[in-house]
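K.L.:
No sequence on hand, only this structure:
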Ligand code: 13P
Ligand code: SF4
């Protein structure tokens, strides 16, 4: 491991590369990354960096978003099979058909979508700025929200703005975070704050103290006077929370909350792509230009405070 890290650091310098990692990544990836963050912060970093090469430790749509924002940079993904099943629940064809059912559709695409779907959308959002994105849209439009039904319902309820929501979901959050587990955790740790991700089902959200993106959760925990937290999102976040807040205690709602795709990225694969400059993300230029518009609009919208 030490040897791998040494080689990695040497190569990073030689190639002028930066390692960006999502919060759900394995601890070994957190430790070598130049920046660890949520989807919105990672997009912002990808747009701003002066590096020539971005090694994106996350799932495919995240690396693709980085490449759309920075077409002159080489964006490498350590495992091409690290996809997002929720993103695969909508295609550009299905979205076009959905749009054709409305007179004046405005499409909000969660960033967990392919470049082709983004190219058919008006504005993107992440879980940290989704409510503000919806509020930014003129209220005489037919708003379409794809693909996450749980995030869509949460945003609709919080903003009080009616939307037409696609029926997609994240298997990790939807299937493995259930009310029974929260009630059990709450009984065991009565003074803990309950934080959940908006990709959880509404029955779960209604039991939480706070609903937050992964990045906002990390910032909230650092500021909170609470000493204990029940965490309702993918397990990878626990490493960062514990590392950044050693005096606080964290309890996952379920030990099953693992995103198998995020976990496909290993240190050996990061080194391999940097040595061989392989797994370069490429988006056809006509699609990239169209997808760039909703992504850049998203970057102008602030996260929830
Ligand atoms: P965040 O934007 O909160 O990082 O979420 C990304 C994601 O894929 C959650 O499952
Ligand atoms: Fe996709 Fe869910 Fe994994 Fe996030 S946790 S990348 S939404 S499958």
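P.N.:
Ah, there it is. Fair warning: this is a prediction, and the values are worked out from it, not measured in the lab. Ligands and ions are numbered 1, 2, ... in the order given.

K.L.:
and the stretch 151-300 of the chain, which of its residues are near ligand 1?
P.N.:
Along the stretch 151-300 of the chain, the residues adjacent to ligand 1 under the rule C-beta under 6 Å from any ligand atom are 170, 199, 213, 214. C-beta here means a position set from N, CA and C on the backbone, and glycine is covered the same way.

K.L.:
What's the separation between residue 147 and residue 98?
P.N.:
Distance from residue 147 to residue 98, counting by C-beta to C-beta, to the nearest Å: 10 Å.

K.L.:
Neighbour count: these two, which is higher?
P.N.:
residue 147 (26 against 17; other C-beta atoms under 10 Å).

K.L.:
looking at the protein, which helix or strand is least sure?
P.N.:
helix 39-48 (a mean of 92; mean pLDDT, DSSP states H and E).

K.L.:
elements contacting that helix?
P.N.:
Counting contacts by 3 or more C-beta pairs under 8 Å, 6 or more residues apart in numbering; DSSP states H and E, helix 39-48 is packed against strand 17-22, strand 35-37, strand 53-57, helix 60-69, helix 285-299.

K.L.:
hmm, 7 Å instead?
P.N.:
Under the contact criterion of 3 or more C-beta pairs under 7 Å, 6 or more residues apart in numbering; DSSP states H and E, helix 39-48 touches strand 17-22, helix 60-69, helix 285-299.

K.L.:
can you narrow the residues of the stretch 151-300 of the chain next to ligand 1 to ones near ligand 2?
P.N.:
Restricting those to those touching ligand 2 (C-beta under 6 Å from any ligand atom) yields 170, 199.

K.L.:
For the residues of the stretch 151-300 of the chain next to ligand 1, could you give me TSV that also reports secondary structure?
P.N.:
Converted to TSV, these look like this (DSSP: H, G, I helix; E, B strand; the rest coil):
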residue	secondary structure
170	coil
199	coil
213	coil
214	helix
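
K.L.:
how about the strands of the stretch 201-305 of the chain, start to end?
P.N.:
According to DSSP state E, counting those that start in this stretch, the stretch 201-305 of the chain carries its strands in the segments 210-211, 228-232, 249-252.

K.L.:
before we move on, what about the stretch 1-150 of the chain?
P.N.:
Under the criterion DSSP E, counting those that start in this stretch, the stretch 1-150 of the chain carries strands at the ranges 17-22, 35-37, 53-57, 74-76, 105-110, 123-125, 142-146.

K.L.:
re the thing from before, do you know which of the strands of the stretch 201-305 of the chain lies nearest ligand 2?
P.N.:
strand 228-232 (12.2 Å; C-beta to the nearest ligand atom).

K.L.:
buried sites along that closest one?
P.N.:
For strand 228-232, burial by neighbour count (16 or more other C-beta atoms under 10 Å) applies to 229, 230, 231, 232.

K.L.:
I'd say the first one and residue 252 touch.
P.N.:
The reference is to residue 229. No: Residue 229 is beyond contact range of residue 252, at 9.9 Å (criterion: C-beta atoms under 7 Å).

K.L.:
Which residues of the stretch 101-250 of the chain lie near ligand 2?
P.N.:
For the stretch 101-250 of the chain, the contact set with ligand 2 under C-beta under 6 Å from any ligand atom comprises 112, 170, 172, 173, 199, 234.

K.L.:
ok, 5 Å please
P.N.:
Residues of the stretch 101-250 of the chain lying near ligand 2 by C-beta under 5 Å from any ligand atom: 170, 172.

K.L.:
Show me the helices in the stretch 101-250 of the chain, by range?
P.N.:
In the stretch 101-250 of the chain, the segments counted as helices under DSSP state H, counting those that start in this stretch are 115-119, 130-135, 149-159, 171-176, 179-188, 202-205, 214-223, 237-244.
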